[in-house]
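Colleague: I would like to see how this sequence folds:
(chains A and B)
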Number of protein chains: 2
Amino acid sequence: MSPTGAIIALDAMGGDFGPSVVIPAAALALRERPTLTFIFYGDEKKIQPLLDDHPTLKGCSSIHHTDKVVASDVKPSVALRTGKDSSMRLAIEAVKTGQAGAIVSAGNTGALMAMAKLALRCLPGIERPALASVMPTKNGSCVVLDLGANILCDADILMQFAIMGAVYARNVRGIEKPTVALLNVGSEEMKGNDQVREAAAMIADLEHFPGVFRGFVEGNDISLGTVDVVVTDGFTGNIALKVTEGVASLMKQFMKEAFTSSPFAMLGMMLASGAMKRLKVRMDPRNYNGGMFLGLDGVCVKSHGGMDEIGFRSAILMAANLVEQGFNKGVAAELQQLAADQAAVPGMPPVENAEAS
Amino acid sequence: MSPTGAIIALDAMGGDFGPSVVIPAAALALRERPTLTFIFYGDEKKIQPLLDDHPTLKGCSSIHHTDKVVASDVKPSVALRTGKDSSMRLAIEAVKTGQAGAIVSAGNTGALMAMAKLALRCLPGIERPALASVMPTKNGSCVVLDLGANILCDADILMQFAIMGAVYARNVRGIEKPTVALLNVGSEEMKGNDQVREAAAMIADLEHFPGVFRGFVEGNDISLGTVDVVVTDGFTGNIALKVTEGVASLMKQFMKEAFTSSPFAMLGMMLASGAMKRLKVRMDPRNYNGGMFLGLDGVCVKSHGGMDEIGFRSAILMAANLVEQGFNKGVAAELQQLAADQAAVPGMPPVENAEAS
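Modeller: Purely as a prediction, here's the structure:
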């Protein structure tokens, strides 16, 4: 094993397809990042034969056997109680003990967050981790959080998400003064529900907000790239994410139908096949797959449960990037500074409490 | 004026562009439906010169002058109090008095709903109107409601929306047994917030639901066309709608960039220009513009505030279709039947109360 690359703990049993996607995905990720090493958590009898098909991957992987799995429909509280030896939990523990730099799972989102929160703890100043992802925009990309980890979010939590999003954009994406906004039904101040209005007032009152707060944006502003960070509750964020996937897929079908509708169109497509190929890659949701839990003291990435190996590969590469960029150290340092600055800000829990929560 | 077509009352002052979009839009709608007639409500000094540019439209239009306008950022309660002689309110009154068959406005959504509800009243059995629209899917189209008229919705209201959506799909779209689902973050029963879980239980318990209830769907199921009717609260629905617009626009830009990226691609595009043109029409959000308030005793259509004349034209044509198909009579009859059937169903207000609310 090469010591220079990230060590990734993979929950081999998570998602709709388990090892049959996770192992080929690791092989694909390794092809792009040969310094990576992997620990697969799950049923050895299922993992081993798949690894045998990928000799290069086999050479830089190990298996940690368990036959316990967190079911996709189990409640987080139940998963916490009963999932101690599950592939998901053991993979998370590897990050806690420092055996691995990151964990990637396509399993039950609620269970993953609950377990990761318990094992890895939140960074100082953070009450609840948020699931964040990077979505493509007209002028680049945009960080959106929360994408489904926290269904109900009060104003305090939304404010913390805004801070985390800004800190992430600054530390990982290198945007010195990231612009941040809350997702709402209208850009006028009076619109929306109580939580977003209160959160907007709270963020606007922050003295040391690590970005530029732009108030409210609407759903189309995500794709427009109006701001660098869009903050919302997990219910709305998850639906926004899934709608994005659905519409992209619909547009792809519309294109396919149009360009097979006549001999001229088909000939045109053949001529434009290079551009078409690049377009397909750009429109492919698998290349944007991977949500990271911001606010945890450790890198934990969630892959969409229904992704194939190309999609899961993106989640692995996201985790590798976060580890290799020293993401958590940077974020932790900035949050600590922020917490010290803002000891008196309502809604920001004191550092000690957050550590113990 | 021809007596065979619908008479449409137009709030000429609503939206970002007012008469400069509304009048050309009416002219476009008239070209497609020559039997339509229009009454424009708003500032005569601004409307008249624009009408002079469209002689055919002028021949089947009248102007009802007012210089009062409902501001786009005014609260619904304030609009109700102060907007009595506004272009929006007067246009709604025209439907109430039977002068017009439908009202179309691109103005303030909250004000439009509040005024329309007050003037037109809800259909028997309905507490609150919902803003509904038809969105394209892989296999046709899908009715989505609410799109922003009701930010907070409890389980009762979501249930009523499900009934209205089903009745609409049956009466206007001719689907005998429309499939209906609630928008949620996951299809497993335990997921989501209290309102959607309660609403799902209530709808499942209905004895005479005018469709087939399919439980929960996720954001991508809208575009997939998994069901005929998707029900959600106005906050989530509005964001889903705007995200759809944003992603469609992003995909269009990706395509444009791809097909101008090389001489081969450009040549290919020229050959495929017919298909490309059809694709553009299919992807153009302006062709899907227009939200109808379901549950009102009168046809009221909301156009997106930022739409140009092509988009506003779609909203006019939607209103014309609803009038000419006798939409409200059909829906009212079915709701009355349903209310009689379900007098004992919790959450369905008795017919008398709903009329008076």
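
Colleague: from chain B, how far off is residue A:219?
Modeller: 3 Å (Cβ to the nearest Cβ, to the nearest Å). Just so you know, the C-beta spots here come from the backbone N, C-alpha and C atoms, and that holds for glycine as well.

Colleague: thought that residue was touching residue A:239?
Modeller: No - with contacts counted by Cβ atoms under 8 Å, residue A:219 stays clear of residue A:239, the gap being 9.7 Å.

Colleague: show me the common contact partners of the two, please.
Modeller: When Cβ atoms under 8 Å, 6 or more residues apart in numbering or on different chains defines a contact, the residues bordering residue A:219 and residue A:239 alike are B:239, B:240.

Colleague: what bridges to residue A:37?
Modeller: Here residue A:37 sits in beta bridges with residue A:7, going by DSSP bridges.

Colleague: was I right to think it contacts residue A:61?
Modeller: Yes - look at residue A:37 against residue A:61 with Cβ under 8 Å: they come within range, at 7.0 Å.

Colleague: which bits of the stretch 101-250 of chain A sit near chain B?
Modeller: Residues of the stretch 101-250 of chain A lying close to chain B (Cβ under 8 Å from any Cβ of the partner chain) are A:136-138, A:148, A:151-152, A:183, A:185, A:188, A:190-193, A:218-224, A:232, A:234-236, A:238-250.

Colleague: which among those end up buried?
Modeller: Buried residues within those, counting neighbours by 16 or more other Cβ atoms under 10 Å in any protein chain shown: A:136-137, A:148, A:151, A:183, A:185, A:188, A:191-193, A:218-224, A:232, A:234-236, A:238-250.

Colleague: can you tell me the average pLDDT over the longest helix anywhere in chain A?
Modeller: Ordering each helix of chain A by length in residues (DSSP state H) puts helix A:234-259 first. Summarised as a single mean, pLDDT over helix A:234-259 is 90.

Colleague: what does stretch A:96-112 give?
Modeller: Per-residue pLDDT values across stretch A:96-112 average out to 94.

Colleague: just the CA atoms of that stretch, as CSV, please.
Modeller: As requested, C-alpha coordinates have been extracted for stretch A:96-112 and formatted as CSV (Å, rounded to 0.1, in the frame of the first residue of the first chain):
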residue,chain,number,x,y,z
LYS,A,96,-12.7,7.4,14.2
THR,A,97,-9.7,5.3,15.0
GLY,A,98,-7.6,6.8,12.2
GLN,A,99,-7.3,3.6,10.3
ALA,A,100,-9.0,5.3,7.3
GLY,A,101,-9.2,9.0,6.3
ALA,A,102,-12.8,8.8,5.0
ILE,A,103,-15.8,6.6,4.9
VAL,A,104,-18.1,6.3,1.9
SER,A,105,-21.5,4.6,2.0
ALA,A,106,-24.5,4.3,-0.2
GLY,A,107,-26.7,3.1,2.6
ASN,A,108,-29.5,4.5,4.7
THR,A,109,-28.9,8.3,5.0
GLY,A,110,-30.5,8.8,8.4
ALA,A,111,-28.6,5.8,9.9
LEU,A,112,-25.3,7.0,8.4
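
Colleague: all the helices of the stretch 101-250 of chain A, residue numbers only.
Modeller: Applying DSSP state H, counting those that start in this stretch to the stretch 101-250 of chain A gives helices spanning A:109-120, A:155-171, A:194-205, A:220-224, A:234-259.

Colleague: out of those helices, deepest packed?
Modeller: Ranked by mean neighbour count, the helices of the stretch 101-250 of chain A are led by helix A:155-171 with a mean of 26 (mean count of other Cβ atoms under 10 Å in any protein chain shown).

Colleague: for that helix, name the packing helices and strands.
Modeller: Judged by 3 or more Cβ pairs under 8 Å, 6 or more residues apart in numbering or on different chains; DSSP states H and E, helix A:155-171 is in contact with strand A:130-137, strand A:140-145, strand A:179-183, helix A:194-205, strand A:229-231, strand A:291-294, helix A:327-341.

Colleague: to residue A:21, which of those lies closest?
Modeller: Between residue A:21 and the helices and strands packed on helix A:155-171, the tightest spacing by Cβ to Cβ is seen for strand A:291-294, at 16.6 Å.

Colleague: tell me which residue is most central in chain A.
Modeller: By Cα atoms, centre = their mean, chain A has its centre lying nearest to residue A:291, at 1.2 Å.

Colleague: nearest to chain B: which residue in the stretch 1-150 of chain A?
Modeller: The minimum distance from the stretch 1-150 of chain A to chain B, using Cβ to the nearest Cβ, falls at residue A:73 (4.5 Å).

Colleague: what helix or strand is that residue on?
Modeller: Under DSSP states H and E, no helix or strand contains residue A:73.

Colleague: next: the one 4 residues further on.
Modeller: Using DSSP H and E, residue A:77 sits within helix A:76-82.

Colleague: which ones are touching residue A:168?
Modeller: Contacts of residue A:168 (Cβ under 8 Å, 6+ apart): A:132, A:143, A:229, A:294, A:327, A:331.

Colleague: ugh, wrong one, I meant residue A:131
Modeller: Residues near residue A:131 by Cβ under 8 Å, 6+ apart: A:109, A:113, A:145-150, A:234, A:237, A:291-294, A:302.

Colleague: ok, the residues you listed vs residue A:96, which is closest?
Modeller: Comparing the contacts of residue A:131 against residue A:96 with Cβ to Cβ places residue A:293 closest, at 13.6 Å.

Colleague: re the thing from before, which pair of the contacts of residue A:168 spans the longest distance?
Modeller: By the measure Cβ to Cβ, the contacts of residue A:168 have their two most distant members at A:229 and A:327, which lie 15.3 Å apart.

Colleague: and those two? Which one has more around it.
Modeller: residue A:229 (30 against 20; other Cβ atoms under 10 Å in any protein chain shown).

Colleague: what's the separation between that one and residue B:224?
Modeller: Distance of residue A:229 to residue B:224, computed by Cβ to Cβ, to the nearest Å: 29 Å.

Colleague: verify the contact between the residue of the stretch 1-150 of chain A closest to chain B and residue A:110 for me.
Modeller: No - Residue A:73 is beyond contact range of residue A:110, at 10.0 Å (criterion: Cβ under 8 Å).

Colleague: where does pLDDT dip in the stretch 51-200 of chain A?
Modeller: A:187-190 (pLDDT under 70).

Colleague: nearest to residue B:176, out of the helices and strands packed on helix A:155-171?
Modeller: Where these are weighed against each other on Cβ to Cβ, the nearest is strand A:179-183, at 37.8 Å.

Colleague: what's the angle from the closest one to helix A:155-171?
Modeller: Strand A:179-183 and helix A:155-171 are oriented at 150 degrees to each other (axes from the mean of the first three to the mean of the last three Cα atoms, to 10 degrees).

Colleague: could I get the contacting residues of residue A:328?
Modeller: A:123, A:296, A:297, A:298, A:299, A:322.

Colleague: the second one bridge partners, please.
Modeller: On the basis of DSSP bridges, residue A:296 takes part in beta bridges with residue A:122.

Colleague: noted, bye for now.
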